[in-house]
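Engineer: Let's see this in three dimensions:
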Amino acid sequence: MTTRLVGAPVQRVEDDRLVRGAGRFVDDVGGDALEVAVLRSPHAHARIRSIDVDAVLDCPGVLAVWTYDDLTGPLAEPLPLLIPHPDLTQGRTQYALAKDEVNHVGEAIALVVAEDRYLAEDAVGRIAVDYELLPAVVGVEAARRAEHLVHDDVPGNVAARMEQANGDVAAALESAPHRLSLDLAIERSASMPLEGRGVVARWDADNGRLQVWSATQTSTGLRAAIAAKLGLDLLAVDVITPDIGGGFGVKINHPWPEEVLVPLAAMRLGRTVKFTEDRREHFISSAHERGQLHHVEVGFDDDGRVLGLDVRFWHDNGAYTPYGLIVPIITSTQLLGPYKPGAYHVQFDSLYTNAVMVTPYRGAGRPQGCFVMERTMDAIAAHLGRDRTEVRAVNFIQPDEFPFDHGLVFQDGKELEYDSGNYPAMLEKLKELVGWDDFEAFRAERAAEGRRVGLGIACYVEGTGVGPYEGAHVHVETSGKVKVATGLTTQGQGHQTAFAQIVADELGVPFDDVAVTTGDTRRMPYAVGTFASRGAVMSGSAVHLAAQRAKEKALRIAAEALEASVDDLEIVDGVVQVKGTPGATIDLGTVAVLSNPLRYAFDEASKAATQFSVGDPGKPPVAEDDEPGLEGRDFYSPQRSTFASGMHAVVVETDPDTAEVTILTYAVVHDCGTLVNPMIVEGQIHGGVAQGVAGALYERMAYDDAGQLLNASFMDFLMPYVTEVPASIDIDHLETPSPLNPLGIKGAGEAGVIPGSAAIAAAIEDAEGIPITAMPISPSELFELRSRHAAEQTPPATGESRREEQR
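Structural biologist: Numbers count the residues shown, from 1 in each chain. Modelled structure (predicted):
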């Protein structure tokens, strides 16, 4: 019998090719393609008085130079606002090339196409732009003051104001026995995938067909955007995603200016055209995330039970809002984590600044919300003098309370209703994993050596598997091999392995016989994309359903061939057999041959499907409700999101002299429902923890008051090396299957990053005894906090003591 594969740590089939350098990325496509360079604004805010391209027109090797004035039709309109929302009353998006004004350093102004990138870059340097400088609005505080405006027609720099509530928060706070106020902050950061953005386009004038290769996270979305902007039929555009060197959210935005301008150049010039983003361009012209300021009012009882929670926050959305309000909506709803406050009210302003626009980055608003909620839980525990885990436990949603409706609306427009979970059991697992109850003894041992250590904890819930749908196609070849296609894209998640496991189990074929294709609109034209930890939930479910359809057809055809009942058949290792009857078998490949009635025989196998070999003379070769071929196609569309959860604990050491922070222990307990491949899930957690550590201790976007990004290179943008990431991460799993999809899966892609800042802040605070209210935190900032805290704790000197000091 075939061993069940779902739940097994199957080795990733992608890795052998990638680690041997045989990957094929966007920059590997195109051969002798023309190349593009883009003139980008050196100013954060300025009017464009004029653009002079005359010096470029006679440059050797230059084939085209465009500014906004060269664009017509839909291309001359702003790029799409992808996710409209009723509260986004002042949404703004950029033009493919700047029209009249630039609103952040790095905004695209002009494009040059040349025989190679060197010539294109040289030509860009010859373009002369006359700017009228305008005041820059940098940071949330400046946006709130609104002394200057990013967009003249947006009052107060407020793109949107949104409010949600469940219960009477004012009354709950008024009557609460205890009450605290907190002000908390998370700074800007960014995804920084190893591969930046890239696009290659080829126009087939004879057939009127456009082929595009892009490092996008949504091939079908990009296809639709290109067709709309270039005035092409949807079926005349193919978008293919080759191997992608990381995404983490930044590549879900579409179309980027280059993703419509490069195809336009290919069509106009009749040549293959390529754009590959360099690292500085990625810093200043892609997208950032994270920056938020929060004010919290919380009321609670003597046990630490939250009676009322009122949160007001301000979100920096940068210069434009192409991705709508998704990030702050997620923050406002996922902030609640595994807890059930008696009453909750949240209001946020999404604010324009003269900085790179904000779109989701792995975690997508959840790290900010988790930081706020977990810092609040720790503050409650400190105020009451109670154990931090006890305060969390009294606020948990209990296992028998699922499904649990928070009375709010989530980012997908559906109710914020948790499907399953067991938070008390998860907390007990984590305490055991990190040695929570024994930590004070460990602290005392280290203190005796002159060392400071601290223990932090953070809990979160993550909405995953958002709709609207994903689809899959499963095709059984006459060789018995199985080809699977699904439309979402892959950036390293192990889709080719996990989806093959699902199909092999459902169809009863060897794992090695299954090949998976993702992100190619030629193979699956209807899809949504890869984001929000939705791959396994959405495409995994679709693949499962499509394999079921293929299996049903295989058994029906085999039943006729074997003269048996469908109920008596099974498929084992690619062979259909009658249960308990050795010898009564038929290969799945042969079933595939029989599924396609033929007039012509091409080989020995196909003879079995020709008109004199098979079929009932009294019936049509293909029944009215059937179609040729052994394949299945299906779509999965969820009622609402699934909600994964997890808890992290971390032990840190803070150097008493330099204030450096060293992670000693990192522990994770995670619940993503049914585990398809534990090895892949743990790999996702490891990568997420690394990014969580980066966001807590290292990475930030450093803008000056003029809106210049001061650390726009890997020389200056501080990222952790392998030496700064925990050498080992202790992981345990809890499985509470989701009732919302056929496999019980919840997402896992963002699990590792969400609670990193919250847990590390708690551990530093535990080590130092100083409130940590902003992240990331550097050694110099911690050193400054120590000095300030020491000054606040030192009593003012008396007259006599002052005289002694003077002596």
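Engineer: so which helix or strand takes in the nearest residue to residue 303 once chain neighbours are set aside?
Structural biologist: Residue nearest to residue 303 in three dimensions, not counting chain neighbours: residue 394, with 5.1 Å by C-beta to C-beta, 6 or more residues apart in numbering. (C-beta placed from N, C-alpha, C; glycine too.) Mapping residue 394 onto the secondary structure by DSSP states H and E places it in helix 388-395.
Engineer: State the mean pLDDT of that helix.
Structural biologist: Confidence over helix 388-395, taken as the mean pLDDT, stands at 98.
Engineer: Over to stretch 106-113?
Structural biologist: Stretch 106-113 carries an average pLDDT of 98.
Engineer: List the contacts of the nearest residue to residue 637 once chain neighbours are set aside.
Structural biologist: Taking C-beta to C-beta, 6+ apart as the measure, residue 637 lies nearest to residue 469, with 4.0 Å between them; neighbours along the chain are not counted. Residues in contact with residue 469, defined by C-beta atoms under 8 Å, 6 or more residues apart in numbering, are 526, 528, 538, 542, 635-637.
Engineer: in the stretch 151-300 of the chain, which spans are helices?
Structural biologist: Counting by DSSP state H, counting those that start in this stretch, the segments of the stretch 151-300 of the chain that form helices are 169-175, 219-230, 257-269, 279-285.
Engineer: out of the ones you listed, nearest to residue 620?
Structural biologist: Closest approach to residue 620 among the helices of the stretch 151-300 of the chain (C-beta to C-beta): helix 219-230, 35.0 Å.
Engineer: Just the buried residues of the closest one, please?
Structural biologist: Residues of helix 219-230 classed as buried under the neighbour-count rule (16 or more other C-beta atoms under 10 Å) are 219-227, 229-230.
Engineer: so how far is that helix from its chain's centroid?
Structural biologist: The gap between where helix 219-230 is centred and where its chain is centred comes out at 21 Å by C-alpha atoms, centre = their mean, to the nearest Å.
Engineer: Return the angle between stretch directions for it and helix 257-269.
Structural biologist: Calculated by axes from the mean of the first three to the mean of the last three C-alpha atoms, to 10 degrees, helix 219-230 forms an angle of 60 degrees with helix 257-269.
Engineer: for helix 219-230, packing partners?
Structural biologist: When contacts are defined as 3 or more C-beta pairs under 8 Å, 6 or more residues apart in numbering; DSSP states H and E, helix 219-230 packs onto strand 209-214, strand 237-240, helix 257-269.
Engineer: Now do it against strand 209-214, angle only.
Structural biologist: 130 degrees.
Engineer: looking at the contacts of residue 469, which has the most residues close by?
Structural biologist: With neighbours taken as other C-beta atoms under 10 Å, the top of the contacts of residue 469 is residue 538, carrying 35 neighbours.
Engineer: Look up the pLDDT of that one for me, please.
Structural biologist: Residue 538 carries a pLDDT value of 97.
Engineer: still on that earlier bit, could you list every helix and strand in contact with the very next helix or strand once past the helix holding residue 394?
Structural biologist: Past helix 388-395, further along toward the C-terminus, the next helix or strand under DSSP H and E is strand 404-409. In this structure, strand 404-409 makes packing contacts with strand 158-166, helix 326-334, strand 415-418, judged by 3+ C-beta pairs under 8 Å, 6+ apart.
Engineer: Next up, the contacts around residue 792.
Structural biologist: Under the criterion of C-beta under 8 Å, 6+ apart, the contact list for residue 792 is empty.
Engineer: and of the helices of the stretch 151-300 of the chain, who's closest to residue 505?
Structural biologist: Shortest distance between residue 505 and these, using C-beta to C-beta, is found for helix 219-230: 26.8 Å.
Engineer: any idea of the mean pLDDT in the closest one?
Structural biologist: Computed over helix 219-230, the mean pLDDT rounds to 98.
Engineer: what residues does that helix touch?
Structural biologist: The contact list for helix 219-230, computed with C-beta under 8 Å, 6+ apart, reads 74-75, 80, 82, 96, 210, 212, 214, 216, 232-234, 236-241, 254-255, 259-260, 263-264, 267, 487, 489, 519-521, 524-529.
Engineer: one step back: can you tell me which of the helices and strands packed on helix 219-230 is nearest to residue 692?
Structural biologist: Each of the helices and strands packed on helix 219-230 was checked against residue 692 via C-beta to C-beta, and the shortest separation belongs to strand 209-214, namely 28.5 Å.
Engineer: Give me the contact list for that closest one.
Structural biologist: Among residues not part of strand 209-214, those counted as contacts by C-beta under 8 Å, 6+ apart are 26, 29-30, 198-204, 222-223, 226, 230, 232, 236-242, 259, 262-263, 266-267.
Engineer: Dump the helices and strands packed on strand 404-409 to JSON lines, plus mean neighbour count and distance to residue 479.
Structural biologist: Converted to JSON lines, the helices and strands packed on strand 404-409 look like this (neighbours: other C-beta atoms under 10 Å; distance: least, C-beta to C-beta, whole Å):
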{"stretch": "strand 158-166", "mean neighbour count": "18", "distance to residue 479": "55"}
{"stretch": "helix 326-334", "mean neighbour count": "26", "distance to residue 479": "44"}
{"stretch": "strand 415-418", "mean neighbour count": "20", "distance to residue 479": "45"}
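Engineer: Of these, which is nearest residue 601?
Structural biologist: With C-beta to C-beta as the criterion, residue 601 lies closest to helix 326-334 of the helices and strands packed on strand 404-409, at 55.4 Å.
Engineer: packing partners for that closest one?
Structural biologist: Taking 3+ C-beta pairs under 8 Å, 6+ apart as the contact definition, the neighbouring helices and strands of helix 326-334 are strand 158-166, strand 306-316, strand 344-351, helix 366-384, strand 404-409, strand 452-464.
Engineer: TSV for those, including distance to residue 595 and mean pLDDT?
Structural biologist: Listed next are those as TSV, based on distance: least, C-beta to C-beta, whole Å; pLDDT from 0 to 100:
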stretch	distance to residue 595	mean pLDDT
strand 158-166	52	98
strand 306-316	54	98
strand 344-351	54	98
helix 366-384	46	98
strand 404-409	46	97
strand 452-464	36	98
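Engineer: Run the chain-centre distance for the longest helix along the chain.
Structural biologist: Once the chain is assigned using DSSP state H, the helix that runs over the most residues is helix 540-562. The chain centroid and the centroid of helix 540-562 are separated by 33 Å under C-alpha atoms, centre = their mean.
Engineer: what's the neighbour count on the nearest residue to residue 267 once chain neighbours are set aside?
Structural biologist: In space, and not counting its chain neighbours, residue 267 is closest to residue 203: 4.5 Å by C-beta to C-beta, 6+ apart. Each residue near residue 203 was counted by other C-beta under 10 Å, and the total is 23.
Engineer: Find me the pLDDT at residue 203, would you?
Structural biologist: For residue 203, pLDDT reads 98.
Engineer: still on that earlier bit, can you tell me which of the contacts of residue 469 end up in helices?
Structural biologist: Assignment to helices by DSSP H places the following of these there: residue 542.
Engineer: Can I get the contacts of residue 469 in TSV including distance to residue 15?
Structural biologist: Putting the contacts of residue 469 into TSV (distance: C-beta to C-beta, whole Å) gives the following:
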residue	distance to residue 15
526	29
528	27
538	24
542	24
635	30
636	27
637	32
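Engineer: Which member of the contacts of residue 469 is positioned nearest residue 405?
Structural biologist: The shortest separation between residue 405 and any of those is 20.8 Å, and it belongs to residue 637 (by C-beta to C-beta).
Engineer: Any idea how many residues pack against the spatially closest residue to residue 327 that is not a sequence neighbour?
Structural biologist: With C-beta to C-beta, 6+ apart as the criterion, residue 327 has its nearest non-adjacent residue at 4.2 Å, and that residue is residue 365. Around residue 365 there are 27 other residues, counting by other C-beta under 10 Å.
Engineer: quick one, what contacts residue 365?
Structural biologist: With C-beta under 8 Å, 6+ apart, residue 365 has these contacts: 289, 326-331, 334.
Engineer: Much appreciated, bye for now.
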